[in-house]
Structures are given as C-alpha cells and as structure tokens.
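1. This is a predicted model, with the sequence first.
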Amino acid sequence: MQADSATTNSELCDEEYAKINLLLSKSKTPDQILSIFGVRNPFILYIWLSMAMVWALAAMPMMSGAFLIDDGCPAAVMSSNRTTISAKCTPKNGSIRAELGLNENQNYLVDLSTSAFMGGMAVGSAITPIFTDLLGRRSVLVAILLIAGGSGCLSAISTSINVLIALRFVQGLSFSGVSLTNWVLAYECIPKELRALSPLVFGLAWVFGYCLIAPMAYFTSNWRLLVVLVSAPSLLFVVIFYFTIPESFHYLAIKGRIDLIIQWVKMANSFADIVQTDKVEQSDVDQLIEYLEQQKLLMDNIDHQPVLITKSISENGRKMVINSSPFIEKIKTNQRLIKHIAIFILLWVCDAFIYYGVSLFSTKLAGNRYINFTLIALVEVPSYVFSPWLIDRMGRRLFTAFTHLLAALAFFSGTSIFWLPNVPPFVQLCLWLIAKFAIASSFTGLFVYASEVFPTSKRGICMGICTTVSQLCCIILPPMIRVMLSFSPMVPMLFFGGYAFIATFLTFLLPETRGRELPD
C-alpha cells in the first residue's frame, strides 16, 4: 500500500510539474526581458560601466599599499649591484614610520597595516555574500562603499599605528564587498551579449584605478594625503549611486518585487525612447510576471515534498540515512574532490603571493618607482585581452601550467643576472613585467578552470574556500618579504620562482576541461 501511495504521489507531482513547465515555456524570463532591451540601451550601459568603475575605486586603496609602506629605505633593493637592505635608515619625511615615531625595529608594524587590509579582505569575502542575498545588491554596495571611503579617510588622522592597522582592516573588510557585489549587480542587469565582455571591461577599470595611484603618490609628500586621495572618491560615488543605480533586475525577480520591476522597466524604456532602441512592451512584462508566479509555485511544490529516506546496512544492523548529507560529509567521502581543492588552494595562494608581492614591492625596483609601478599595472592589460583566447586555444591545464612556468623562468632569470656586472636596471624591470603578465593571466585562467573542475553543487563553496585561504595567507606576505629582503634581494625572487615552478607541475594533476560539460 505504501508503495502504491508513493507511486500515486509521484505521478501527481509529475503532472503538476508538467503543467508548470508548459506555462513557463509560454512566459518570459528575466534574461529574455534584458535581451529585448539589447546592448545599446543607455540605462543598462550606465549600470554596467558604473559597476565597472567600482573596480577602479577598489584598486586605489588596496594597491596604494606599495607607497604607504615605503619609507625610502632604500629604493634600489632589487637592482643588479647586489644592494642589500640596511636595518638602520632614517625614514623620509611624511612616511608612516616618520610621522608615527617608529624606529627601525618597528618596521613590521607598518607592514601589518597592509596585512590587516588583507585580513579584512578574507573576512569580508566570507560574510558579504550573506548580506547581499538578504538585503539586496544595491543596498550592500552603497553601504560598503561608505565604509570603504569613511574608514580610509578616518585612517588619515590616525595618531598611532594601532589605530591605523584597525582602520585598514575595516577598509579591507569592505574591499571584497566592493569588488564582488558590483560584479553581481552588473551581471544581473545586462543581457547575455554583454556578459562575455565584462571581464575585459572590469579589468581595464581596475588597471585605470591602479595607474592613478602613481601620479597621486608623486604629487603628495605625505601618506595621510595619499590615503584621503585614494579613499574619498568612494564617498562621492556613494551619493551618485544612491540616486542613480537601481536594484539588480534578477534580484527583484527572485524576490517577486513586481512594483520595482515595473519601475525598472519603465526607466529602461524611457532611455530606449531617447536613442530609439527596442522597448519592453506591457505584454512582455505580463509574461515575466506569469513566469515569476509559476516559478514560485514550482518552488513551493518542491519545498513541500516529503524528505526522501533511504535504507543502508551497517555492521550494527539497519539504519535510516537522509539522502542529502552536509557538505563537509560529502567532501570527506570524495577523495578526488579533496585532491582538486588542495591543488587549487596551492595554485591560488601561489598566484596571490606573486601578484600582490610584485605589485606592492614594485617601488623597490631600480629606477623611477612611479614609472615602474605604472608599468607593473599596465602589463595586466594584455593579460585581460589575450588570456580568454589563449585559454580556449591551449586548453585550461596547459595554459595554467605555461603561465606558471613563464613566471618561474622570469624570476630565475632575474636571480641569474643579479650577479652579472653592468646589467641595465631595465632588464630586471622587464623580467618583473613578464612575471606580472604571466601571473595576471594565470589568475584569469584559474577562475575559468576551477569553475569547470568543481561540480555545480559544490562549485561556489569550493571556489570560496580557495579565495579565502589565499587571502588569509596573504596576511603574512608584507612582513615575510621584508624578512626575505633583509637576507638578500634574491630571496624573494627565488621564493616566487620556486613556488611558480612547483605550481607548474601541480597543474598536471588536474583534469583537462576544455570542451567538456560542466560536472553536476
């Protein structure tokens, strides 16, 4: 009887789902509505480009750490004349060390201000997505921009290094939200045709903000003014976005906010009238509303289905087991997944170490520190342009291995020429540029590669684990490099080169995913 009842319930459920699917096929999805507006609608383009600009705002407070930790002691630690760091040095006027009265034995406290920013990033990446799903993308974006700008400006009036470290942590806390929430908001407001261009456009915005730091640092002689210059723009854009940026279209759809959806469509239609592009008609809106209602009905039916129970045999006899086990339990029983997570963590930490290490300490290269810093930033542009093409041509595994090998060879070459006499400083700079290009390209490829290796049911949390661990490891990066430089300028290059070389071979333990369907 129980079996017959279960069969009858199953048939009824199948009939209900069939009816709902039939209705869904006759309605319009949020993506179909966005596709009607097209890629030329000014309202949609404004949202897209404004959210890309947020990456420029995020780049400035983060990458400015290269100049904030710079006390002018000495400027050419990476030159080819075998210069080494001296522990005794008078810090330049206007530096953190000079203004806050730190002696040469307290250099590590200045590094901790950057480490605190990295730690804030790790914490923020874990908690921000929770608030974005609960409160909405727009509300969280405005709030974290306010926190980022406010904490940055407040840090400029710090009277002690401990206060500065605490405020830099708060600013780092908002960084992950600033760089992730805007991406999600933009992605959920644009048609599919624009999404493929988003990595390039957002990447160029990042480089734009990155490059602005050098002239700011050049024309300011005091770290406090530099902090204000890189933080205050966030406060300006808080006001602009509060009045001009709507909530994500997809977020309004999944929350069933019909009134706000209608307002959103009306606003986009008003701009479509101005430039004579396609508009969404009332019948399209009605079909979208019907789609949302049927989706809600479908989810309600799923939520009210009885929990499936299966029987398993153990040494102690029969026991009842719920089909859906917790995520951690699934990982424990999946050795292949454990291996993939471990390898991607090592790759992510490698790329984060090299990317931030090269960026933050580019001011220590021989030559003009401002030009060097700008070139280190600009070399990311070709990586954004060519990486998507190379990833498809070479395959995910070979591309990831090649970029790590290229970075390793660049660092090992830099170590080799260190002992050669009369090597022009630009040769060392060129090798660092090659390493930065390689690792920026690898970072781009890692997001694609990991998305295709991890199964759909675990993809988000697996990638979250990788990024969070890499950010946590970066907390020790600034003081670690200062310690390595105290032994020899070659030590950081050997460390980065060795890690990248190991990462090359670790990549071959992963499967190739080009042309394969995403695992479920």
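-> Received the coordinates, thanks. Source: prediction; values computed, not measured. Residues are numbered from 1 along each chain as shown.

2. Provide a list of residues in contact with Val265.
-> Contacts of Val265 were listed using Cβ atoms under 8 Å, 6 or more residues apart in numbering, and they are 33, 280, 285. For the C-beta atoms, the positions are set from N, CA and C on the backbone; glycine is no exception.

3. Pipe those into JSON lines and attach secondary structure, distance to Ser160 and neighbour count per row.
-> Output for those, formatted as JSON lines (DSSP: H, G, I helix; E, B strand; the rest coil; distance: Cβ to Cβ, whole Å; neighbours: other Cβ atoms under 10 Å):
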{"residue": "Ile33", "secondary structure": "helix", "distance to Ser160": "54", "neighbour count": "22"}
{"residue": "Val280", "secondary structure": "coil", "distance to Ser160": "56", "neighbour count": "21"}
{"residue": "Val285", "secondary structure": "helix", "distance to Ser160": "57", "neighbour count": "18"}
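
4. any idea how far Asn93 is from Glu99?
-> In this structure, Asn93 and Glu99 are separated by 8 Å, where distance is defined by Cβ to Cβ, to the nearest Å.

5. the more surrounded of those two?
-> Neighbours were counted for Asn93 and for Glu99 using other Cβ atoms under 10 Å; Glu99 has more, 16 against 10.

6. dump the residue contacts of the residue nearest to the more buried one when sequence neighbours are not counted.
-> In space, and not counting its chain neighbours, Glu99 is closest to Trp223: 7.0 Å by Cβ to Cβ, 6 or more residues apart in numbering. Contacts of Trp223 were listed using Cβ under 8 Å, 6+ apart, and they are 67-68, 94-96, 99.

7. Return the member of those nearest to Cys466.
-> Taking Cβ to Cβ as the measure, Cys466 sits nearest to Leu68 out of those, at 27.6 Å.

8. Check what pLDDT Gln516 gets.
-> Wrong residue type there; residue 516 is Arg, not Gln. The per-residue pLDDT reported for Arg516 equals 70.

9. That one: what's it in contact with?
-> Remark: with contacts taken as Cβ under 8 Å, 6+ apart, Arg516 is in contact with Glu452.

10. Helix or strand: which one has it?
-> Following DSSP states H and E, one finds Arg516 outside all helices and strands.

11. Quick check: it vs Ala401, distance?
-> Going from Arg516 to Ala401 by Cβ to Cβ gives 18 Å.

12. swap in Leu390?
-> Remark: distance between Leu390 and Ala401 (Cβ to Cβ) = 12 Å.

13. Keep only those of the contacts of Trp223 that are in strands.
-> With strands defined by DSSP state E, no entry of the contacts of Trp223 lies inside them.

14. For Leu194, state which of the residues you listed is nearest.
-> If you rank the contacts of Trp223 by distance to Leu194 using Cβ to Cβ, Phe67 comes first, at 34.9 Å.

15. low-scoring stretches of the stretch 251-400 of the chain, by residue?
-> Counting by pLDDT under 70, the stretch 251-400 of the chain has low-confidence residues at 295-333.

16. how about the strands in it?
-> Secondary structure of the stretch 251-400 of the chain, counting by DSSP state E, counting those that start in this stretch: strands at 309-314, 317-322.

17. how does this structure divide into domains?
-> As given by automatic domain parsing, the domain ranges for the chain are 2-37+257-305, 46-255, 325-520.

18. Of these, which shows the lowest average pLDDT?
-> Of all the domains of the chain, domain 2-37+257-305 carries the lowest average pLDDT, namely a mean of 71.

19. circling back: let me know the closest of the contacts of Trp223 to Leu112.
-> Using Cβ to Cβ, the contacts of Trp223 come closest to Leu112 at Ile96, 10.8 Å.

20. And for that closest one, the neighbour number?
-> Taking other Cβ under 10 Å as the neighbour definition, Ile96 ends up with a count of 22.

21. for it, what are its contacts?
-> If you count contacts by Cβ under 8 Å, 6+ apart, Ile96 has them with 68-69, 71, 102, 110, 113, 161, 164, 223.

22. One more pass at 7 Å, please.
-> The contact partners of Ile96, taken as Cβ atoms under 7 Å, 6 or more residues apart in numbering, are 68, 110, 223.

23. next one: Ala58
-> By Cβ under 7 Å, 6+ apart, the contact list for Ala58 reads 175, 178-179.

24. host element of it?
-> Counting by DSSP H and E, the secondary-structure element that holds Ala58 is helix 42-63.

25. Go ahead and confirm Ala66 touches Gly357.
-> No: taking contact to mean Cβ atoms under 7 Å, the distance of 10.6 Å between Ala66 and Gly357 leaves them out of contact.

26. Might you quantify the distance of the helix holding Ala58 from its chain's geometric centre?
-> What separates the centre of helix 42-63 from the centre of its chain is 13 Å, taken as Cα atoms, centre = their mean, to the nearest Å.

27. do the same with stretch 120-131
-> The chain centroid and the centroid of stretch 120-131 are separated by 11 Å, computed with Cα atoms, centre = their mean.

28. And stretch 54-64, by the same measure?
-> 12 Å.

29. Stretch 97-115 too?
-> Relative to its parent chain, stretch 97-115 has a centroid offset of 28 Å by Cα atoms, centre = their mean.

30. Contacts for whichever helix or strand Val483 is part of, please.
-> For Val483, the enclosing helix or strand under DSSP H and E is helix 477-487. Helix 477-487 is contacted by residues 69, 77, 85, 107-108, 111, 114-115, 353, 356-357, 360-361, 491-492, 495 when judged by Cβ under 7 Å, 6+ apart.

31. Counting neighbours, which bits of whatever helix or strand comes next after that helix end up buried?
-> Next in sequence after helix 477-487, counting helices and strands by DSSP H and E, comes helix 490-507. Across helix 490-507, burial judged by 16 or more other Cβ atoms under 10 Å covers 490, 492-493, 495-497, 499-501, 503-504, 506-507.

32. if we look at helix 490-507, which residues are touching it?
-> With contacts defined as Cβ under 7 Å, 6+ apart, helix 490-507 is touched by 343, 346-347, 350, 353-354, 357, 397, 400-401, 404-405, 407-408, 411-412, 414-415, 418, 481, 484-485.

33. Pretty sure Leu164 sits against Ser113.
-> Yes: Leu164 sits in contact with Ser113 when judged by Cβ under 7 Å, with a separation of 5.4 Å.

34. Out of the contacts of Val265, which is nearest to Val379?
-> Proximity of those to Val379, judged by Cβ to Cβ, is greatest for Ile33, which lies at 39.8 Å.

35. pretty sure the closest one is touching Gln287, no?
-> No: Ile33 is not in contact with Gln287 according to Cβ under 7 Å; the separation is 8.7 Å.

36. what sits against the residue lying closest to Pro233 once chain neighbours are set aside?
-> In space, and not counting its chain neighbours, Pro233 is closest to Leu57: 5.7 Å by Cβ to Cβ, 6+ apart. Residues touching Leu57, when contacts are defined by Cβ under 7 Å, 6+ apart, comprise 178, 209, 233-234, 237.

37. Show me which of those residues is closest to Gly150.
-> Minimum distance to Gly150 across the contacts of Leu57 is 8.3 Å, recorded for Ser234 (Cβ to Cβ).

38. how about the closest one, secondary structure?
-> Secondary structure state of Ser234, per DSSP: H, G, I helix; E, B strand; the rest coil, is helix.
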